[in-house]
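Q: sharing a model that was predicted from the sequence below.
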Amino acid sequence: MTGRIPRHSRADPHLPQVDTTTHQGASVCTFRLWRQDAIDEDACEAMLSALAESIRQAGGIIGHIKALVQPLGAGSRLSITKNTVEKLPIVRQGISLEGVAIVLALAPEKLDELVSTQLWALIPEREIMGGNDFDYHW
Amino acid sequence: MSIWILGGFLGSGKTTLLLQLAKQLAWAHRNRRLPLVIVENEIGDVSVDGGLLGDYQLRELFSGCVCCTLASGLAQCIRQLRQEENPGCILIETTGLALPKSVVQVLETYVPEEGRPNVLVVADAQRWDELFDCMDVFLQNQLERADGILLNKTDLVSPEDTQRICGEIQHLRPGVPVWPVCGQQDNAPLFRQILEEALP
């Protein structure tokens, strides 16, 4: 059996995106976060450890938590209106974090909450409380 | 065209062993000059392992399981690969929640012309006792239809435990070979032996 927790779309990729479903009795939570600030691989590693611990404390059995952390790196913006492609180099600092947590013996709502909590903990407090340079739409 | 299914529970080390198996399959098929294609199935919609498989042609099936919700997607994928790539071999890595016997059933039902696939199942020596305590029926079901079982992560348990777990698995699947392996080491000789016995 497969089910999905209905959610509103969060269009802003700089904020945690979490999507939790169930499959064959397991809760499956997919998560994503793109950040251009100081979050690095070590922070992501610590976040996954904290997530695993919180799942265990909630009585869940970790099937597998895996994530891909990648530097955003350099890219290009391509543009064409007539014959020539204009190329504008773009350097994006930061990382993208994408992953999935597959957990047994834990309700999908609870897993959703635990993953969201850990991802939000990566966001600097100043950003959540306001007073930063970003203008996020909630 | 031969089809290989690599199954096994979540986190048992399937992808690590798949890389080793893929290398040997590619070598075994080198004279046929036909490509090896890996079909990677993820329950979520994130390609976490895809980047590790960059040396091979890769098809990814997301957001479901090829043994149940994505069964038709798998059949379509195999037919499409046959038509477009004509691969010498397709290696399917299932999700950790898939039952390989159901994947076999899907293939036998929807693409019977490809013949019976070879099935290897990975078991996790480190978590065998813990998982067997709470999901013995599921783990037994995962071992069904396996032509061989790779008991992985034996470097993380004692030799006595490795022997005991091998015995328990052999008790569940009498007559099916169980090979203790460590995914962090090169298991090329074992995979060559498996292929020699399986390939015509």
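A: Looks like it came in fine. Numbers count the residues shown, from 1 in each chain, chains lettered A, B, ... in the order given.

Q: going forward, measure contacts between C-alpha atoms and count neighbours the same way
A: Will do.

Q: what are the ranges of the helices in chain B?
A: B:14-28, B:71-84, B:100-110, B:128-143, B:159-172, B:188-198 (DSSP state H).

Q: out of those, the one nearest B:Ile5 is which?
A: Ranking the helices of chain B by proximity to B:Ile5 (C-alpha to C-alpha) places helix B:100-110 first, at 7.3 Å.

Q: dump that closest one to CSV, restricted to CA.
A: Extracted C-alpha coordinates of helix B:100-110, given in CSV (Å, rounded to 0.1, in the frame of the first residue of the first chain):
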residue,chain,number,x,y,z
PRO,B,100,12.7,-10.0,-5.8
LYS,B,101,10.2,-12.8,-6.3
SER,B,102,7.6,-10.2,-7.3
VAL,B,103,10.0,-8.6,-9.7
VAL,B,104,10.6,-12.0,-11.3
GLN,B,105,6.9,-12.4,-11.6
VAL,B,106,6.5,-9.0,-13.2
LEU,B,107,9.2,-9.9,-15.8
GLU,B,108,7.8,-13.3,-16.5
THR,B,109,4.4,-12.0,-16.9
TYR,B,110,5.0,-8.8,-19.0
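
Q: can you report phi and psi for the residue nearest to B:Glu85 when sequence neighbours are not counted?
A: In space, and not counting its chain neighbours, B:Glu85 is closest to B:Pro35: 7.5 Å by C-alpha to C-alpha, 6 or more residues apart in numbering or on different chains. Backbone geometry at B:Pro35, expressed as degrees, to the nearest 10, gives phi -70, psi 160.

Q: do the same with B:Asp147
A: Torsion angles, degrees, to the nearest 10, at B:Asp147: phi -80, psi -20.

Q: picking up where we left off before, now the helices of chain B in JSON lines, with distance to chain A and mean neighbour count?
A: Shown next, in JSON lines, are the helices of chain B (distance: least, C-alpha to the nearest C-alpha, whole Å; neighbours: other C-alpha atoms under 10 Å in any protein chain shown):
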{"stretch": "helix B:14-28", "distance to chain A": "12", "mean neighbour count": "19"}
{"stretch": "helix B:71-84", "distance to chain A": "14", "mean neighbour count": "16"}
{"stretch": "helix B:100-110", "distance to chain A": "13", "mean neighbour count": "19"}
{"stretch": "helix B:128-143", "distance to chain A": "9", "mean neighbour count": "15"}
{"stretch": "helix B:159-172", "distance to chain A": "20", "mean neighbour count": "15"}
{"stretch": "helix B:188-198", "distance to chain A": "25", "mean neighbour count": "13"}
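
Q: will you turn those helices into JSON lines that also has mean pLDDT and distance to A:Glu113?
A: JSON lines is the format used below for those (pLDDT from 0 to 100; distance: least, C-alpha to C-alpha, whole Å):
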{"stretch": "helix B:14-28", "mean pLDDT": "93", "distance to A:Glu113": "29"}
{"stretch": "helix B:71-84", "mean pLDDT": "93", "distance to A:Glu113": "31"}
{"stretch": "helix B:100-110", "mean pLDDT": "95", "distance to A:Glu113": "32"}
{"stretch": "helix B:128-143", "mean pLDDT": "95", "distance to A:Glu113": "24"}
{"stretch": "helix B:159-172", "mean pLDDT": "98", "distance to A:Glu113": "36"}
{"stretch": "helix B:188-198", "mean pLDDT": "92", "distance to A:Glu113": "42"}
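
Q: okay if I get those as JSON lines plus distance to A:Ala67?
A: As requested, the helices of chain B are exported to JSON lines (distance: least, C-alpha to C-alpha, whole Å):
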{"stretch": "helix B:14-28", "distance to A:Ala67": "14"}
{"stretch": "helix B:71-84", "distance to A:Ala67": "24"}
{"stretch": "helix B:100-110", "distance to A:Ala67": "24"}
{"stretch": "helix B:128-143", "distance to A:Ala67": "22"}
{"stretch": "helix B:159-172", "distance to A:Ala67": "29"}
{"stretch": "helix B:188-198", "distance to A:Ala67": "28"}
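
Q: middle-most residue in chain A, spatially?
A: Among the residues of chain A, A:Arg32 comes closest to the average C-alpha position under C-alpha atoms, centre = their mean, at 2.4 Å.

Q: residues contacting A:Phe31?
A: A:Pro16, A:Gln17, A:Val18, A:Asp19, A:Leu97, A:Glu98, A:Gly99, A:Val100, A:Val115 (C-alpha atoms under 8 Å, 6 or more residues apart in numbering or on different chains).

Q: out of the residues you listed, who's the most crowded?
A: A:Val115 (28 neighbours; other C-alpha atoms under 10 Å in any protein chain shown).

Q: name every strand pairing with the host helix or strand of A:Phe31 and say which way it goes.
A: In this assignment (DSSP states H and E), A:Phe31 forms part of strand A:26-35. Next to strand A:26-35 in the sheet, as set by DSSP bridges, lie strand A:17-23 (antiparallel), strand A:86-104 (antiparallel).
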